[in-house]
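Colleague: for reference, the sequence and a predicted model appear below.
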Amino acid sequence: MADVDLVVVGLGYVGLPLARRACEEGLSVRGLDVRAEVAEGLNDGRSHVDDVPDSAVAGMRAAGFAATTDTAVISRAEAVVLCVPTGLTADGEPDLGSVRAAARAAAPHLRPGMLVVLESTSYPGTTEEVVRPILEAGSGLRVGEDFHLAYSPERIDPGNKRFGLRNTPKVVSGCTPLCAKSAVAFYGRFVDTLVVSRGTREAEMAKLLENTYRYVNIALVNEVALFCDKVGIDVWDVMHCAATKPFGFAPFAPGPGVGGHCIPVDPLYLSSKAEAEGFTFDMLAAARWINGRMPGHVVDRAVSMLAGMGKSVRGAEVLLLGVAYKPDISDTRETPALPVARELLARAASVTYHDPHVTGFAVDDVELPRAEELSAALRNCDLAILLQDHSSYDHAVLAAAECVLLDTRGQVAGERVTLL
Ligand SMILES: NC(=O)c1ccc[n+]([C@@H]2O[C@H](COP(=O)([O-])OP(=O)(O)OC[C@H]3O[C@@H](n4cnc5c(N)ncnc54)[C@H](O)[C@@H]3O)[C@@H](O)[C@H]2O)c1
């Protein structure tokens, strides 16, 4: 018998906020994760996800939430939502290993009437061609006849204070109309606006389009920044001016590169699927090439700033400010700080980092020295590079620092400050 409304499989940046939101709305929720430390931490009231404070975990626990590594919990659920990682293999190909493993784990526990939803980002066809056969073979049940299978991409934006799960419209799809109906009934309990797509492939493609749109537009402004640097145009003023157009222009900012495990990764899911279908996405290849140039460009700029002071990069004390891939979070996955640090180290600079959110940052398995105190670190370096503009960074303090500053985010104005 189902005595739990929802089992969330994969309690990370996507799964934990989902579990929290459902708890808030009065659903009975359990969580399943392969990592025992994640389950134990949550059961002890500790969050490992920036957007979910320990106090929220306490609230979830009070509402009956518990986490486990035991897949049998799935048999208790009305709905199972898979929020497992979809990264890349060592060769840069889509890695659906976790999706397959989660589906295999769920299959023997499926019961008639259950709803299974995949939320992980993946290429079109994943729900129908990868998840469905595993669930049907492992359960002996049929999608659309015995249980419901749906795809609903997550749009969570870690650190975003304005848009969360409740007020961000959610795309929902099902393998059959009845599957979609079941998914709509489920998400309607805790999401304000649902958008039903024609099928699962449209929903999967919509998610890839959203992230690819960001990737390509960031590449465009990065290339504009490279051009502006070459010909002596202030790209930040260009961006400011263009962004005042009230229609037909969406502003994106140049920067040291694209980070996170979505924006740089998802376009590869699209290009890989396209390639398998005999289609080439030229735009994606160009965007990838341009975004990949940015960390090297940052280092080149840093080296020429040092040279302008009569200093060699060899032995120079360089301080990296903000190594997380986006502001106000601790996530360093795919952060451009990594190739920047790696290149500076390769050129024999002495590299230190400061990041209020990141307590450990390794370059090729070697831990980078972490500066605890910002003002001392700024005093002790030859050059600081602002890679991530966390809101705790006081721009006036950075502008007044004794060292020169390369600001890759276009935020700080000052005599010793150079903008990317
Ligand atoms: N982080 C984001 O901002 C974001 C936004 C939208 C979509 N997504 C997508 O959502 C999915 C999940 O991303 P995330 O950031 O939450 O990942 P994450 O790495 O933060 O969390 C995934 C969790 O799943 C667990 N896990 C792995 N395999 C498992 C298995 N077989 N069974 C149970 N648990 C398993 C991991 O231990 C981890 O705790 C990915 O497809 C990602 O692309 C992420």
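Modeller: The structure has been received and is ready for your questions. Numbering: from 1, shown residues only.

Colleague: mind listing the helices for the chain?
Modeller: 15-24, 36-43, 54-62, 97-106, 132-139, 177-187, 200-231, 235-242, 266-276, 282-308, 337-346, 374-380, 395-399 (DSSP state H).

Colleague: what's in contact with the first one?
Modeller: Yep, that's helix 15-24 we're talking about. Contacts of helix 15-24 with the rest of the structure, by CB atoms under 8 Å, 6 or more residues apart in numbering, involve 5-6, 8-9, 11, 29, 31, 33, 42, 47-49, 51-52, 56-57, 59-60, 63-65, 81, 83-84, 119, 154, 156, 164-166, 189-191. Just so you know, the C-beta spots here come from the backbone N, C-alpha and C atoms, and that holds for glycine as well.

Colleague: which among those residues end up buried?
Modeller: 5-6, 8-9, 11, 29, 31, 33, 42, 47-49, 51-52, 56-57, 59-60, 63, 65, 81, 83-84, 119, 154, 156, 164-165, 190-191 (16 or more other CB atoms under 10 Å).

Colleague: close to the ligand: what parts of the stretch 251-400 of the chain are there?
Modeller: Residues of the stretch 251-400 of the chain lying near the ligand by CB under 6 Å from any ligand atom: residue 262.

Colleague: so which residues on the stretch 101-250 of the chain come close to the ligand?
Modeller: Within reach of the ligand by CB under 6 Å from any ligand atom, the stretch 101-250 of the chain has these residues: 101-102, 105, 119-121, 154, 156, 158.

Colleague: reformat those as a markdown table; add pLDDT and distance to residue 420.
Modeller: Listed next are these as a markdown table, based on pLDDT from 0 to 100; distance: CB to CB, whole Å:
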| residue | pLDDT | distance to residue 420 |
| --- | --- | --- |
| 101 | 98 | 41 |
| 102 | 98 | 40 |
| 105 | 96 | 45 |
| 119 | 98 | 35 |
| 120 | 97 | 33 |
| 121 | 97 | 29 |
| 154 | 94 | 31 |
| 156 | 87 | 28 |
| 158 | 79 | 24 |
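
Colleague: among those, which pair sits farthest apart?
Modeller: 105 and 158 (26.0 Å; CB to CB).

Colleague: low-scoring pLDDT stretches of the protein, where are they?
Modeller: 1 (pLDDT under 70).

Colleague: what do you get if the cut-off is 50, keeping everything else the same?
Modeller: Applying pLDDT under 50 to the chain flags no residue at all.

Colleague: check contacts around the residue of it found nearest the ligand.
Modeller: Among all residues of the chain, residue 12 sits closest to the ligand, at 1.7 Å; criterion: CB to the nearest ligand atom. Residues near residue 12 by CB under 8 Å, 6+ apart: 38, 49, 83, 85.

Colleague: near the ligand, from the residues you listed?
Modeller: Taking CB under 6 Å from any ligand atom as the test, the ligand is in contact with 38, 83, 85 out of these.

Colleague: for burial, what's the neighbour tally of the closest residue to the second one other than its chain neighbours?
Modeller: Across the structure, with CB to CB, 6 or more residues apart in numbering as the measure, the residue nearest residue 83 apart from its sequence neighbours is residue 15 (3.5 Å). Under the neighbour criterion other CB atoms under 10 Å, residue 15 is assigned a count of 26.

Colleague: tell me how far residue 15 lies from residue 45.
Modeller: 17 Å (CB to CB, to the nearest Å).
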